[in-house]
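Peer 1: okay, sequence plus prediction incoming.
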Amino acid sequence: MSSSVLLTALFTLPLAVGWVVLGEREEAQMVCAGKEFRLPVYSTSRTVTFTPNSEGPRRVLLEKTTVKDPRFEWTRDKMLVLKEVTHDDQGLYAIKLSSGFTYETVRLTVSGHAGRAVEPDGP
């Protein structure tokens, strides 16, 4: 087998089986608790899944234009929006093409305690 055929096979195999290549189209976002998280999807034919950082199953949030989680909204400009982020929303959001390949991932980290006053210790 020629080296060019071998190299072509090595680079196309991850795409053929739907692997996410680390560092390829992965973004990290940090949002304060209680604030809004906006995930641009760019298409009406994609699926968005969420895998939480804490123990929990991966779940589908959006299929094409149908929102599967009532906490999220689908906007006309093709954004999936969560109005009030909690620490349970931390994890990996994956945008998948209709073929099932992962197009882009966003790792969400939630910081702070929005809306809570910090009181000093003691008198």
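Peer 2: That came in fine, so what should we check first? None of the values given here were measured: they were computed from a predicted structure.

Peer 1: have a look at this structure and report its longest strand.
Peer 2: strand 102-111 (DSSP state E).

Peer 1: could I get the full set of strands for this structure?
Peer 2: 26-32, 37-40, 47-52, 59-63, 66-67, 72-74, 79-82, 91-96, 102-111.

Peer 1: these into a markdown table, with extra columns for mean pLDDT?
Peer 2: Output for the strands of the chain, formatted as a markdown table (pLDDT from 0 to 100):
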| stretch | mean pLDDT |
| --- | --- |
| strand 26-32 | 92 |
| strand 37-40 | 96 |
| strand 47-52 | 96 |
| strand 59-63 | 96 |
| strand 66-67 | 96 |
| strand 72-74 | 97 |
| strand 79-82 | 96 |
| strand 91-96 | 95 |
| strand 102-111 | 93 |
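
Peer 1: list the contacts for the residue most central in space within the chain?
Peer 2: The centroid of the chain falls nearest to Y93 when counting by Cα atoms, centre = their mean (1.4 Å). Applying Cβ atoms under 8 Å, 6 or more residues apart in numbering to Y93 gives the contacts 39, 48-50, 61, 105-108. All C-beta spots, glycine's among them, are computed from the backbone N, C-alpha and C.

Peer 1: and it, what are its bridge partners?
Peer 2: Note on Y93: beta-bridge partners by DSSP bridges are F50, V106.

Peer 1: I'd like the distance between it and E26.
Peer 2: Separation of Y93 from E26 (Cβ to Cβ, to the nearest Å): 10 Å.

Peer 1: which neighbours do these two have in common?
Peer 2: 105-107.
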